[in-house]
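Asks: have a look at this fold, sequence not included:
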């Protein structure tokens, strides 16, 4: 139950962060990168619909199609996030209508238009959800075709971004192109940061105190491997464990205070699958 509440809170907060970045900084500046919301900026230029209203309509249609086509495989988390994002964008338009950008600094606004949605997307992807939109199209294509989804979605993003040069102006198009270039890189970096852990190799003669500390104080697991020193020929033990950055500091301090002659190899890692981390 606690885990469900945590995921619900993360879904809600991350989606609201995305909505703020999209509405106040992306829509207001006519930046055209980024899937459905980028396409919505183009549609708003030629139709009576606002970008928020088109995003709402498009996301709801894709959501309905996804529910029918994907059935039970269509994640409830994605449905919730998609609905919340669409409703929030429409609500912000009614509460705080915008006819021009918040500031006269387009580069500053581009940064927020990239960073806020990227933070929201990274949190969603990290818990196995998404905000819908073109992700729903990707799920459907993946189920029924052998199309390279990543390349297909990237191609559509590039198309929307290039259209910004002709629909608006060169300046807006260049900002959108920069946004497209930085967005995916930033999302990948944020996901890696959220998952970052410390991988320990501890070479020692007496593994018991260290393993007891890992099990009893840090509530983590460890693996012991029997080894032999190449120079001395003495029997050694290698303790393998993965910890959070905070736990890593505690273990390092414990070893420093209670163990002599231990040799530590500590490396960063973000792809950890197993109990206590990500499920297989």
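Replies: That came through fine. Only a predicted model underlies this, so the values are computations on that prediction, with no experimental measurement involved.
Asks: just the helices in this protein please.
Replies: 2-21, 28-29, 35-46, 51-70, 76-95, 106-126, 134-144, 149-167, 170-194, 208-212, 245-258 (DSSP state H).
Asks: what about residue 3, distance to residue 239?
Replies: Distance of residue 3 to residue 239, given as CB to CB, to the nearest Å: 29 Å. C-beta coordinates here come from the backbone N, C-alpha and C atoms, glycine included.
Asks: contact partners for residue 33?
Replies: Taking CB atoms under 8 Å, 6 or more residues apart in numbering, we find residue 33 in contact with 157, 160-161, 176-177, 179-180, 183.
Asks: which of those residues tops the neighbour count?
Replies: residue 176 (29 neighbours; other CB atoms under 10 Å).
Asks: by mean pLDDT, flag the weakest helix or strand of this structure.
Replies: Ranked by mean pLDDT, DSSP states H and E, the helix or strand of the chain with the weakest confidence is helix 134-144, at a mean of 72.
Asks: compute the inter-axis angle for that helix and helix 35-46.
Replies: 120 degrees (axes from the mean of the first three to the mean of the last three CA atoms, to 10 degrees).
Asks: quick check: angle from helix 134-144 to helix 106-126?
Replies: Using the same axes, to 10 degrees: helix 134-144 against helix 106-126 is 40 degrees.
Asks: quick one on the thing from earlier: looking only at neighbour counts, state which of residue 3 and residue 239 leads.
Replies: Remark: of residue 3 and residue 239, residue 239 carries more neighbours, 21 against 7, as counted by other CB under 10 Å.
Asks: can you tell me the closest non-neighbouring residue to the more buried one?
Replies: Here the nearest residue to residue 239 in space, its sequence neighbours aside, is residue 202; by CB to CB, 6 or more residues apart in numbering that works out to 4.1 Å.
Asks: what's the neighbour count on the one you found?
Replies: Neighbours around residue 202, by other CB under 10 Å: 24.
Asks: thinking again about what came up before, make CSV out of the helices of the chain and add distance to residue 228.
Replies: What follows is these, written out as CSV (distance: least, CB to CB, whole Å):
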stretch, distance to residue 228
helix 2-21, 43
helix 28-29, 63
helix 35-46, 55
helix 51-70, 54
helix 76-95, 49
helix 106-126, 41
helix 134-144, 49
helix 149-167, 46
helix 170-194, 35
helix 208-212, 19
helix 245-258, 21
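Asks: so which of the ones you listed comes closest to residue 219?
Replies: helix 245-258 (8.9 Å; CB to CB).
Asks: neighbouring contacts of that closest one?
Replies: 196-198, 200, 202, 209-210, 213-214, 217-218, 220, 241, 243, 262, 264, 266.
Asks: quick one: mean pLDDT over that helix.
Replies: Average pLDDT, helix 245-258: 90.
Asks: next, the buried residues of that helix.
Replies: 247-248, 251-252, 254-255 (16 or more other CB atoms under 10 Å).
Asks: widest-spaced pair of those?
Replies: Top of the distance list for the buried residues of helix 245-258 (CB to CB): 247 and 255, 12.6 Å.
Asks: how close does residue 113 sit to residue 224?
Replies: Taking CB to CB, one finds residue 113 at 50 Å from residue 224.
Asks: which one's more surrounded, the two?
Replies: Neighbour count, other CB under 10 Å: between residue 113 and residue 224, residue 113 has more, with 28 against 16.
Asks: look up the closest residue to the more buried one, ignoring the ones flanking it.
Replies: residue 25 (3.8 Å).
Asks: what's the spacing between residue 191 and residue 78?
Replies: Counting by CB to CB, the gap from residue 191 to residue 78 is 17 Å.
Asks: with residue 13 instead?
Replies: Taking CB to CB, one finds residue 13 at 16 Å from residue 78.
Asks: so which of these two has more stuff around it?
Replies: residue 78 (23 against 13).
Asks: spatially central residue in this structure, please.
Replies: A centroid search over the chain (CA atoms, centre = their mean) returns residue 122, at 1.3 Å, as the residue closest to the centre.
Asks: distance check, that residue against residue 78.
Replies: Residue 122 is 15 Å from residue 78, by CB to CB.
Asks: now swap in residue 226 and tell me
Replies: Relative to residue 78, residue 226 is positioned 47 Å away (CB to CB).
Asks: re the thing from before, the residue nearest to residue 113 and residue 118 touch, don't they?
Replies: No - with contact defined as CB atoms under 8 Å, residue 25 does not reach residue 118; the gap is 11.9 Å.
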